[in-house]
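Visitor: Next one to model:
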Amino acid sequence: MTHRALRLRLDTDALQSNWRWLDRVSGSRAGAAVKADGYGLGAVEVTTRLSGVGCRNFFVSTWAEAEALGKLPEGVSLAVLHGVGPDDADAALSGIARPVLNTPQQVARWKEIAPGKACDVMVDTGMNRLGIRTDELEVLDSLAIDTLMSHLASADEDSALNRIQLDRFRGVKAAVAAKRYSLANSAGICLGPDYGFDLVRPGLALYGGLPREEAWGHIRQVATPEAEVIQRRTVRAGESIGYGATWVADADTEAAILNVGYADGYLRCFAGKGAAIVDGQRLPLIGRVSMDLVAIDCSAAPDLAEGDWAALEYSLPEAADASGLSQYELLTGLSDRFERLWS
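Guide: Predicted structure coming up:
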């Protein structure tokens with residue numbers, strides 16, 4: 001197998017621990033959003049590990065994502081959040097997943113191609129993205145609804161909209177019959193058990209993201225990018241490094257060149273803010289981030305050499321603060337050049 005100079009260390013125990021905590025505090029049962037290839041970590045691997053500790057409900061965005069998951073374990077269900085479009089009938093009727101119907105057009109389509117067959121439904125309570133409007137609920141008559149859901153727009157903030165959406169969803173629950181009701185995402189879980197209903201749908205927090213301060217100390221980092229050292233070199237006093245000569249050595253400085261850059265999702269905004277960790281030492285980035293390369297000041301790591309590995313500083317909330325990127329972007333933007341390695 002060809003050697004890769006990038007790897008993503010993935011912690012099974014942390015992933016499972018995060019799900020258990022979310023399941024416990026939700027006041028209901030926790031499913032898992034595994035869209036975008038498990039937020040970039042590998043949907044098949046994530047689903048296998050979470051189903052092994054009791055997760056029974058998974059969510060993807062598209063039918064292609066559902067198909068890529070393959071055969072699921074016994075008793076595990078899958079829902080496709082984007083519903084059933086004009087070209088999705090064959091996939092939706094294949095039995096690999098339930099559609100989440102989002103529009104009156106999708107409802108009509110499902111009634112025509114699969115009368116009486118179970119589906120999920122998204123109702124819009126304030127997001128104005130996907131979902132049946134609350135004044136359109138009559139279109140849901142005669143549907144066999146497994147899970148009726150909505151989505152919180154501002155759960156990561158102390159917004160009045162959270163309570164407004166909760167009250168609206170309670171009204172929907174009273175008006176529309178379904179086997180289960182689901183409102184909360186990762187941040188919504190942290191708002192308290194009132195938001196739990198029958199099923200919650202965490203995503204970010206499963207993978208090490210901190211949705212709200214209530215999760216601090218409970219959510220563990222799952223993904224750690226590591227890059228191989230290509231070269232160690234001395235940058236002499238007065239010399240610059242990288243494009244634009246934005247960093248100039250004020251004294252002779254030992255630099256390590258790492259095999260990672262913005263083509264891998266490690267973006268230019270980390271310049272001057274990012275770092276690598278080697279043997280417990282924080283080694284700051286120096287100069288700009290290139291397409292495939294970064295430089296770190298490795299003066300504090302005298303033994304670091306070609307072929308060694310350096311872990312990028314990538315705790316999601318801290319990396320988000322440093323880079324200005326969202327925690328979601330930090331995960332889903334990591335490229336396929338990283339070899340995913342689960343422990």
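Visitor: who touches the residue most central in space within the chain in this structure?
Guide: Nearest to the geometric centre of the chain sits Y39, at 3.5 Å (Cα atoms, centre = their mean). Residues in contact with Y39 (Cβ atoms under 8 Å, 6 or more residues apart in numbering) are 33, 46, 203-204, 206-207, 328, 331-332. For every residue, glycine as well, the C-beta is placed using N, CA and C.
Visitor: So it versus S28, what's the distance?
Guide: Counting by Cβ to Cβ, to the nearest Å, the gap from Y39 to S28 is 22 Å.
Visitor: Got phi/psi on the residue nearest to the centre of the chain?
Guide: Y39 adopts backbone torsions of phi 50, psi 30, taken as degrees, to the nearest 10.
Visitor: quick one: the strands in the stretch 51-200 of the chain?
Guide: When assigned using DSSP state E, counting those that start in this stretch, the strands of the stretch 51-200 of the chain occupy the ranges 57-60, 77-80, 98-101, 118-122, 144-149, 180-182.
Visitor: Can you classify G217 as helix, strand or coil?
Guide: At G217, secondary structure determined by DSSP: H, G, I helix; E, B strand; the rest coil is coil.
Visitor: if we can go back for a sec, out of the strands of the stretch 51-200 of the chain, flag the one nearest V248.
Guide: strand 57-60 (48.2 Å; Cβ to Cβ).
Visitor: Any chance of a markdown table for the contacts of Y39, columns distance to N128 and pLDDT?
Guide: Formatted as a markdown table, those follow (distance: Cβ to Cβ, whole Å; pLDDT from 0 to 100):
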| residue | distance to N128 | pLDDT |
| --- | --- | --- |
| A33 | 20 | 98 |
| V46 | 29 | 98 |
| G203 | 20 | 98 |
| L204 | 21 | 98 |
| L206 | 26 | 98 |
| Y207 | 26 | 98 |
| Y328 | 19 | 97 |
| L331 | 25 | 97 |
| T332 | 23 | 97 |
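Visitor: and these, which of them are in strands?
Guide: A33 (DSSP state E).
Visitor: Quick check: the two most widely separated of the contacts of Y39?
Guide: Going by Cβ to Cβ, the pair spanning those furthest: V46 and Y328, at 15.2 Å.
Visitor: more crowded one of the two?
Guide: Neighbours per residue (other Cβ atoms under 10 Å) separate V46 from Y328, with V46 holding more: 27 against 17.
Visitor: so the more buried one sits right up against A32, yeah?
Guide: Yes: the pair V46 / A32 is scored as a contact, 7.2 Å apart, by Cβ atoms under 8 Å.
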